[in-house]
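> here is my input, please return the structure:
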Amino acid sequence: MKRHDQNQQPDLRAAARTLSEALLSLETTQEVKEFLEDLCTPAELEAMVDRWRVAQLLNQGYTYRDIRDLTEVSVTTIGRVARYIERGSGGYRTALRRLGNKAP
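Model prediction:
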């Protein structure tokens, strides 16, 4: 991960806030898709999709082995997603709850 100078921290926090606001301003799934495609590289987007799919499968009670077989995502990534579901900021849990854990 890129290291930033301490003097940049206030600007980075403001940019993170406006990024969240930009996402919140989008009104349709198509708008979000287009924004993410512009914002992220294909590899970054694929990684986010993989992590979200893992989160859904974990929430549905699938085992790590089942998830690895279904998604071809590494056990390390599956474990990382599981850790963030349990001890992260709550974003995964909120989204999973609000979407009713729709199957991937």
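> any weak-confidence spans in the protein?
1-2, 4, 101-104 (pLDDT under 70).
> helices along that one, start to end?
Per DSSP state H, the chain has helices spanning 9-25, 29-39, 42-59, 64-71, 75-87, 91-99. These are given in chain order.
> the second one vs helix 42-59, what angle?
Compare the direction of helix 29-39 with that of helix 42-59 by axes from the mean of the first three to the mean of the last three Cα atoms, to 10 degrees and you get 130 degrees.
> between helix 29-39 and helix 9-25, how many degrees?
Relative orientation of helix 29-39 versus helix 9-25 (the same axes, to 10 degrees): 150 degrees.
> helices or strands next to helix 29-39 in the packing?
Counting contacts by 3 or more Cβ pairs under 8 Å, 6 or more residues apart in numbering; DSSP states H and E, helix 29-39 is packed against helix 9-25, helix 42-59. (Each C-beta comes from the backbone N, C-alpha and C, glycine too.)
> so for the last one, what gets flagged as buried?
Of all the residues in helix 42-59, those buried under the rule 16 or more other Cβ atoms under 10 Å are 50-51, 53-59.
> JSON lines for those, including distance to Ile85?
Converted to JSON lines, these look like this (distance: Cβ to Cβ, whole Å):
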{"residue": "Asp50", "distance to Ile85": "15"}
{"residue": "Arg51", "distance to Ile85": "10"}
{"residue": "Arg53", "distance to Ile85": "13"}
{"residue": "Val54", "distance to Ile85": "9"}
{"residue": "Ala55", "distance to Ile85": "6"}
{"residue": "Gln56", "distance to Ile85": "10"}
{"residue": "Leu57", "distance to Ile85": "11"}
{"residue": "Leu58", "distance to Ile85": "6"}
{"residue": "Asn59", "distance to Ile85": "7"}
